[in-house]
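Colleague: fold the stuff below for me.
(one chain, ligands or ions: 1)
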Amino acid sequence: MLLDPLQARHVLQTALARRFALLAVNADSPAALTDVLEAALRCDAPVIIETSLWQLTGHSFGAGDPALGLARYLVQLALLANSPRYNTIPVLLHTDHIQGPVTLPLLKAALSGLDCGLPTAPGSVRPPTLSPSTISLDSSRLTEAENIATIVGLGQESVRCNRAVTLEMEAGVDDGVTPADVAERLLGGVEEQTPGTVHLWAPGVGTQHGLGSQDAFSSDAVRSHQLLASRLLGRPIGIALHGSSGLPEIRLREAVAAGAVKVNWSSESLLIRSTAARDYYRIHADRLEKAHPQWKVTAMDNGVQTYVSGHYIPRVMELIGILGGCGAASTFRP
Ligand SMILES: [Zn+2]
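Modeller: Residues are numbered from 1 along each chain as shown. Predicted structure coming up:
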């Protein structure tokens, strides 16, 4: 089931209390959405799907229009997550690495509800809309003041349109361990103006986006930032870990024990899917000749996607297990 912002907040707080983390997969295509939900179902685990600007503007979703892309992404995920097959699994949609001039207008529109292109039902005043479960933006090119102002702008929009919002705030996730005074200024600056909106904190903890070495990762930094953020905001705040792809299993387990509740996973996901697709086309190159009797079934999208799934789903399940999520979906069923 696709969760709303308040349900998402409850899942994140439960994860922190019980010390497990949700895998947050940066899903690049409709087929990847299906594979992630299938892995979550097999593990009976809550899961986060996240999407970045490059997906929203890409051919699979908005084809240049990020608002259309997010609406299409939400419609596809809502249909899938609320279907009988997957509706027992808590699914969060998170906006990840949104940046540039589109950031505030896109995310304001998202939290107030995106038009899904369906007609207004009799007796309703507006057509059905969908919103992400949780929202973040890429602050890597923002000053501290701009970062605060953008997050506050989202909090104010939430009040204006009377829609709950569950925000992740980040600071220099690729820049080494974030100093405590930076956390105090950023989180304190937001809480003072729009209290109760930030529920995830993504400081730098020594990781880097990409597939490089993660030797600088510090679980102590995760622990100290989890405690600091919770103290500053006066409520339990879990850590969102960016740049998990190169982290070995033991470090992932340490991160969860220290208070990570959301582990972003993108680079390795892309690598597995692209490598499998490359292998599929290489292995079946002869069948893709037009004279081959099986060329059509080999060329169909389902051919390559089924092959990719076979390599991808087991790794997603393995990661969910490492993060302690297996069986956790049952916690949230009535
Ligand atoms: Zn990230």
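
Colleague: leaving out chain neighbours, which residue sits closest to the residue in the stretch 151-300 of the chain that the ion sits nearest to?
Modeller: For the stretch 151-300 of the chain, the residue positioned closest to the ion under Cβ to the ion is H242, at a distance of 3.4 Å. To be clear about C-beta, it is placed using only N, CA and C from the backbone, and glycine gets the same treatment. In space, H242 comes closest to V173 once its chain neighbours are excluded; the distance is 4.2 Å by Cβ to Cβ, 6 or more residues apart in numbering.

Colleague: thinking again about what came up before, check contacts around the residue of the stretch 151-300 of the chain closest to the ion.
Modeller: By Cβ atoms under 8 Å, 6 or more residues apart in numbering, the contact list for H242 reads E170, V173, D174, A202, T207, H209, N264.

Colleague: which SSE is the last one in?
Modeller: Right, the one you point to is N264. Here N264 is covered by strand 260-265, with elements defined by DSSP states H and E.

Colleague: got phi/psi on the residue nearest to H242?
Modeller: phi -60, psi -20 (degrees, to the nearest 10).

Colleague: wait, it touches W201, no?
Modeller: No - taking Cβ atoms under 8 Å as the definition, V173 is not a contact partner of W201, at 10.8 Å.

Colleague: look at these two and report which has more neighbours.
Modeller: Remark: of V173 and W201, W201 carries more neighbours, 27 against 24, as counted by other Cβ atoms under 10 Å.

Colleague: what's near enough to touch that one?
Modeller: Shown here is W201, whose contacts under the criterion Cβ under 8 Å, 6+ apart are E168, M169, E170, A183, L187, H225, Q226, A229, I237, G238, I239, A240.

Colleague: confirm that L92 sits in a strand.
Modeller: Yes - assignment of L92 by DSSP: H, G, I helix; E, B strand; the rest coil places it within a strand.

Colleague: leaving out the residues flanking it, which one is nearest to it?
Modeller: The shortest distance from L92 to any residue that is not its chain neighbour, by Cβ to Cβ, 6+ apart, is 3.9 Å, and that residue is S133.

Colleague: kindly report the same for G259.
Modeller: Computed as Cβ to Cβ, 6+ apart, the closest residue to G259 that is not its neighbour in sequence is Q226, at 3.1 Å.
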